[in-house]
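> Got a predicted structure plus its sequence, pasted below:
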Amino acid sequence: MTLRLAITAGEPGGIGPDLCIQLAQQGSEHQLVVIADPQLLAERARQLRLPLTLVDFNPASATVPTPTGTLYVQPVALQQPAVAGELNPANARYVLATLTIAAQGCNEGHWDAIVTAPVHKGVINDAGMPFSGHTEYFRDFAGVEEVVMMLATTDLRVALVTTHLPLRDVADAITPERLSRVIRILDHDLKMFFGCPQPRILVAGLNPHAGENGHLGHEEQDIIEPTLAQLRQEGIHLIGPLPADTLYTPKHLAGADATLAMYHDQGLPVLKFHGFGRAANITLGLPFIRTSVDHGTALDLAATGKADSGSLHTAIAVAAHMADSRHTAGVKTA
Ligand SMILES: NC(=O)C1=CN([C@@H]2O[C@H](COP(=O)(O)OP(=O)(O)OC[C@H]3O[C@@H](n4cnc5c(N)ncnc54)[C@H](O)[C@@H]3O)[C@@H](O)[C@H]2O)C=CC1
Ligand SMILES: NCC(=O)COP(=O)(O)O
C-alpha cells in the first residue's frame, strides 16, 4: 500500500536537510512530503552535489510513490537563510512551525504518519520558546496526558518512563499513576503495532541493584513493585523491577518484547551502543503515528556528505509498518 509520509527536516543548520536529500536519491514506494524551506533543500543539495527535484505538495492529489531524485515539499519559509553547521535562534520559530504543520496535517488526514529529522532543543529555548523535545511537543499538541518514548532496533526495544527532565527530578516523576499510564500504553501499542499478542516487558528499577531490598533506595518497594503487582492483575506480563545493569544481559533479554527504563540515560546508552544508526525513535500513545531518528542534529556533519541516513530509513520503515497495522486494524490515522 502506498502511504503518504510527512517528514520534518528539523534544525536547518544540522543534518536533517542532508538526510532528506539523501533519501530522495533512492526514491520510495511511499509519497515522501518534506516539510521545510524549499530554498534550504535546494541549497543543501547543491552543497552536497546531489540532484534534487522539488514538487509542491498538493493535498488534493492522489497518493503516489516518490520518483528517484524527487521530494514532495510542503513549503515553510525560514526566518533567515541557514548556514550549515550553525545554530540561529531566529529560525527556531520555523522549526516549530514545521512540527505544527506536520501534526495538523495528521489531524486533517493529509498524511498517514510523521517522521521527524532532529531538532536542537537548546536553540529553541535560547529563542525564548520552552521546548523539551518532539515527544512532549506532540503530546501537548494532541492534548493527551501521557505518551511513551520508545527506541527500537529489529531486536531490542527500549521504552522510557520519563523523558527529558533533569536527573535531579527523575525520582519524583516516577509515580504510580505515571508508571501505570506508561505501562498500559506500552502494552497496548506493542499489541497494536508490533505483533506482540501478549507482550513480555522487562521493567528496570530506579536505584542500583533495584534498591537492594531498600538499602539503596525505596522507590522499588514503595512505588514500582506495588504498581507492577496491580498491573499484573490486569493481565499485563511484567518482569521486574530488575537491576538495570543485569536487565540488559542476554539471559534476561531472551524472549522479552520490550524493556522499560526509568529514565533517558538508563536505557538509551544501551540501545545506542547496540544499534546507533539502525534504530527508530517512536512516540507511543499519540492519536497519530510519529517516528524519528535515533540521533541528534550532528552540526559537525551538516553539508559534508558524511551523515548516515540509516536511522531515517529505519524511522520511515517503522512508520510505514505502523500505518499499515493501523489500517489493518481499521483504526483511522487521527
Ligand atoms: N530526534 C531529535 O530531534 C533529537 C535531537 N537531539 C538534539 O541534537 C543535538 C545534538 O546532540 P548530540 O548529543 O551532539 O548528539 P548527535 O546525535 O547530534 O551527535 C553525536 C555524535 O554522533 C554523530 N552522528 C549523529 N548523527 C549521525 C549520523 N546520522 N551519521 C553519522 N554520524 C552521526 C555526530 O557527528 C556526533 O559525533 C542536541 O540539541 C539534542 O537535543 C538529540 C537526539 C535526538
Ligand atoms: N534522545 C532522544 C531525543 O532526544 C529525541 O527526543 P524527541 O525530540 O524525539 O522528543
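On my side now, so go ahead. Ligands and ions are numbered 1, 2, ... in the order given.

> Next, the distance between the ends of stretch 154-162.
Length of stretch 154-162, first residue to last, Cα to Cα, to the nearest Å: 23 Å.

> Near the residue in the chain that ligand 2 sits nearest to, how many other residues are there?
For the chain, the residue closest to ligand 2 is G133, as judged by Cβ to the nearest ligand atom, at 2.7 Å. No exception for glycine: its C-beta is placed from N, CA and C like everyone else's. Neighbourhood size, G133 [other Cβ atoms under 10 Å]: 19.

> doesn't I124 make contact with it?
No. If you go by Cβ atoms under 8 Å, G133 and I124 don't touch, sitting 9.8 Å apart.

> Just confirm yes or no for the host helix or strand of A315 near ligand 2.
In the assignment (DSSP states H and E), A315 maps to helix 310-329. No. Contact between helix 310-329 and ligand 2 is absent, the nearest approach being 10.2 Å (criterion: Cβ under 6 Å from any ligand atom).

> could we number from 30 for the rest of this?
That works, and once the first residue is 30, the last one we named lands at helix 339-358.

> Next, the closest residue to ligand 1 within the stretch 80-229 of the chain: phi, psi?
The nearest approach of the stretch 80-229 of the chain to ligand 1 comes at P147, 3.6 Å away (Cβ to the nearest ligand atom). When read as degrees, to the nearest 10, the backbone of P147 gives phi -70, psi 140.

> quick revisit: in the helix holding A344, what's buried?
Of the residues in helix 339-358, 339-345, 347-352, 354-355 count as buried by neighbour count, 16 or more other Cβ atoms under 10 Å.

> Just give the number of residues close to D85.
9.

> and it, what are its bridge partners?
Beta-bridge pairing of D85 under DSSP bridges involves V102.

> Quick one: mean pLDDT for the helix holding A344?
For helix 339-358, mean pLDDT is 95.

> Packing partners of that helix?
Under the contact definition 3 or more Cβ pairs under 8 Å, 6 or more residues apart in numbering; DSSP states H and E, helix 339-358 sits against strand 33-37, helix 45-53, strand 142-145, helix 205-223, strand 309-313, strand 319-321.

> Quick check on A126: phi, psi?
Per-residue torsions, A126: phi -60, psi -40 (degrees, to the nearest 10).

> which residue sits closest to it, ignoring its sequence neighbours?
Nearest residue to A126 in three dimensions, chain neighbours excluded: V105, at 5.3 Å (Cβ to Cβ, 6 or more residues apart in numbering).

> burial of the residue nearest to L215 when sequence neighbours are not counted, as a residue count?
In this structure, L215 finds its nearest non-sequential neighbour in A188, 5.1 Å apart by Cβ to Cβ, 6+ apart. As a burial measure, A188 scores 24 neighbours (other Cβ under 10 Å).

> circling back: excluding chain neighbours, what is closest to the residue of the chain closest to ligand 2?
The shortest distance from G162 to any non-neighbouring residue, by Cβ to Cβ, 6+ apart, is to H193 (4.8 Å).

> same check, this time on S338
Closest residue to S338 apart from its sequence neighbours, by Cβ to Cβ, 6+ apart: Q51 at 4.4 Å.

> Quick check: the one you found touching S340?
No. Assessed by Cβ under 8 Å, Q51 is found out of contact with S340, at 11.6 Å.

> thinking again about what came up before, surely the residue nearest to G162 is in a strand?
No. Applying DSSP: H, G, I helix; E, B strand; the rest coil, one finds H193 to be coil, outside a strand.

> I'd guessed it sits against H293; true?
Yes. H193 is in contact with H293 according to Cβ under 8 Å; the separation is 6.8 Å.

> Neighbour count for these two, which is higher?
Neighbour count, other Cβ under 10 Å: between H193 and H293, H293 has more, with 18 against 15.

> before we move on, back to that, what score does the residue of the chain closest to ligand 2 have for pLDDT?
Here the pLDDT value assigned to G162 is 97.

> mind checking how far G269 is from ligand 1?
26 Å (Cβ to the nearest ligand atom, to the nearest Å).

> what helices or strands is the helix or strand containing that residue leaning on?
Using DSSP H and E, G269 sits in strand 266-271. Packing partners of strand 266-271 (3+ Cβ pairs under 8 Å, 6+ apart): strand 229-233, helix 254-262.

> Just list what the helix or strand that that strand is followed by packs against, helices and strands only.
Beyond strand 266-271 on the C-terminal side, the first helix or strand identified by DSSP H and E is helix 273-276. Helices and strands touching helix 273-276, as assessed by 3+ Cβ pairs under 8 Å, 6+ apart, comprise strand 229-233.

> gap between the strand it packs on and the chain center?
20 Å (Cα atoms, centre = their mean, to the nearest Å).

> which neighbours does it have in its sheet, and in what orientation?
Strand pairing for strand 229-233, using DSSP bridges, gives strand 266-271 (parallel), strand 287-290 (parallel).

> most tightly surrounded among those?
Highest mean neighbour count among those (mean count of other Cβ atoms under 10 Å): strand 287-290, with a mean of 26.

> Alpha carbons only: can I get it in CSV?
Extracted C-alpha coordinates of strand 287-290, given in CSV (Å, rounded to 0.1, in the frame of the first residue of the first chain):
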residue,chain,number,x,y,z
ALA,A,287,10.4,-4.6,25.3
THR,A,288,12.4,-3.2,28.2
LEU,A,289,11.2,-0.3,30.3
ALA,A,290,13.9,2.1,31.7
